[in-house]
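Visitor: A structural model of the following input is requested.
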Amino acid sequence: MAKDIKSLRTRIKSFDSTLHLTGAMGLVASSKIKRACDSMYASREYSDGISEITMALAASPECRKSPYFGVANKPVENTDEETEVSEKNETEKTRLIVIAGDRGLCGGYNANVFRTIRTMDAYEIKPIGKRSYDKYHQADPDDENEGEDEEGYLSSEHYSYEEALEEAKICCKDFLEGRIDKVLVVYNKYISIMSQEPQVFQLLPLVRDPDAKELGGITEPSADVMLNDLVPEYLACKLYALVRESFACEVAARRMAMDSAKKNAQQMIDNLKLEYNRARQSTITQEITEIVSGAGK
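Guide: Down below sits the predicted model:
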């Protein structure tokens, strides 16, 4: 019985340490929520503004044959239309930009993103966030410095617009040169502090908005030139906004996960204390019984 009491006391101390840890992580997440949400809303507003301009340019007749809409960005050898479509579907090269967190302990935030990718065919994966980097980064055998720099990943928390613009320019260059056919971003959409959903957003080729109205008047330079110059900025804004939104989802998910873990740890402590008190009472009762029995003799 004494062994059981000692074991219960050890378990209570263990859960009490977990309670303090989860409480501290929950407070840290709470302190980051407002800043993360403010950054998300600001980037979303700017992204919506540049999207409106881009779609207005795309609605003009001059931009109908823009290569960013997937118009003849690769040479076609076969003239049979049905065969061309079939071959394109078989050889379509999709680049996935996967946005995950830098850390764990945030419920199903990272797992939901990775589960979404399992159902997709990817020619190439570019990770953002340490968890995504650890899962999808492939070491370059020709890189002598590979593995020496542990901070080689792109942090989702500290992701900058300059990094987004650099990635957008690379995607545009590879798309125009025919190295890739599509660029998709897998991220978490912020619905509320209690709900986040994995989503897939298509960066390239561009998708026209049927409700967009073309720019009126005469533009200088022409609409197609402005669109081609604006596309990298548009993609960078979109990518940066999605990273900011994903980070807000990560912080919110961690806050809810830590609150749930804190409640569960407190419940386990209460149950163990009740069991401990019963065991201790049983031991005391047994000792009293033994003393009374010995005195009666």
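Visitor: got any ranges where this protein has weak pLDDT?
Guide: Within the chain, the stretches with pLDDT under 70 are 1-3, 71-91, 138-151, 215-220, 295-297.
Visitor: change it to 50
Guide: Within the chain, the segments meeting pLDDT under 50 span 72-89, 140-149.
Visitor: can you give me the strands for this protein?
Guide: Taking DSSP state E, the strands of the chain run over residues 94-99, 124-128, 182-192, 195-204.
Visitor: Tell me the helices and strands packed up against the first one.
Guide: In this structure, strand 94-99 makes packing contacts with helix 109-118, strand 124-128, helix 130-136, helix 161-176, strand 182-192, helix 223-296, judged by 3 or more CB pairs under 8 Å, 6 or more residues apart in numbering; DSSP states H and E. C-beta coordinates here come from the backbone N, C-alpha and C atoms, glycine included.
Visitor: Residue 51 reaches residue 235, doesn't it?
Guide: No: contact criterion CB atoms under 8 Å: residue 51 and residue 235 do not qualify, at 10.6 Å.
Visitor: Out of these two, name the residue with the larger neighbour count.
Guide: The neighbour count for residue 51 versus residue 235, taken as other CB atoms under 10 Å, is higher for residue 235 (26 against 16).
Visitor: Help me confirm that the more buried one comes into contact with residue 171.
Guide: Yes: if you go by CB under 8 Å, residue 235 and residue 171 touch, sitting 6.4 Å apart.
Visitor: hey, what's in contact with both of the two?
Guide: 183, 203, 204 (CB atoms under 8 Å, 6 or more residues apart in numbering).
Visitor: By neighbour count, which of these wins?
Guide: For the shared contacts of residue 235 and residue 171, the largest number of neighbours (other CB under 10 Å) sits with residue 183, at 26 neighbours.
Visitor: who's that one bridged to?
Guide: In this entry, residue 183 is beta-bridged to residue 95, residue 204, by DSSP bridges.
Visitor: Start at 27, not 1
Guide: Done: numbering now begins at 27, and the last item shifts to residue 209.
Visitor: so how far is residue 180 from it?
Guide: With distances taken as CB to CB, to the nearest Å, residue 209 is found 16 Å from residue 180.
Visitor: check contacts around the residue nearest the centre of the chain.
Guide: With distances taken as CA atoms, centre = their mean, residue 126 lies nearest the centre of the chain, 3.1 Å away. Residues near residue 126 by CB under 8 Å, 6+ apart: 135-136, 139-140, 153-158, 161, 182, 272.
Visitor: Distance of it relative to residue 253?
Guide: Applying CB to CB to residue 126 and residue 253 gives a distance of 32 Å.
Visitor: What residues sit buried inside stretch 54-62?
Guide: 55, 58, 62 (16 or more other CB atoms under 10 Å).
Visitor: now, which of those lie within helices?
Guide: 55, 58, 62 (DSSP state H).
Visitor: out of those, which one sits closest to residue 283?
Guide: residue 55 (8.6 Å; CB to CB).
Visitor: Next, count neighbours for the residue lying closest to residue 159 once chain neighbours are set aside.
Guide: Leaving aside its chain neighbours, residue 159 sits nearest to residue 179 (3.5 Å; criterion: CB to CB, 6 or more residues apart in numbering). Using other CB under 10 Å, the number of residues around residue 179 comes to 17.
Visitor: tell me the phi and psi of residue 179?
Guide: As for residue 179, its main-chain torsions (degrees, to the nearest 10) stand at phi -80, psi 160.
Visitor: didn't it look like it was pressed against residue 163?
Guide: Yes: using CB under 8 Å, residue 179 is in contact with residue 163, at 7.2 Å.
Visitor: hmm, back to that, list the contacts for the residue nearest to residue 159?
Guide: By CB under 8 Å, 6+ apart, the contact list for residue 179 reads 153, 155, 156, 158, 159, 160, 163.
Visitor: Repeat the analysis, applying 7 Å as the threshold.
Guide: Counting by CB atoms under 7 Å, 6 or more residues apart in numbering, residue 179 makes contact with 153, 156, 159.
Visitor: One more: residue 269?
Guide: Taking CB under 7 Å, 6+ apart as the criterion, residue 269 is in contact with 125, 154, 182, 185.
Visitor: just the helices in the stretch 27-176 of the chain please.
Guide: In the stretch 27-176 of the chain, the helices defined using DSSP state H, counting those that start in this stretch lie at 28-84, 107-117, 135-144, 156-162.
Visitor: Tell me the buried residues in the shortest one?
Guide: Along helix 156-162, the positions that meet the burial threshold by neighbour count (16+ other CB under 10 Å) are 156, 157, 158, 159, 161, 162.
Visitor: burial measure for residue 150, as a count.
Guide: The tally of other residues near residue 150 (other CB under 10 Å) stands at 15.
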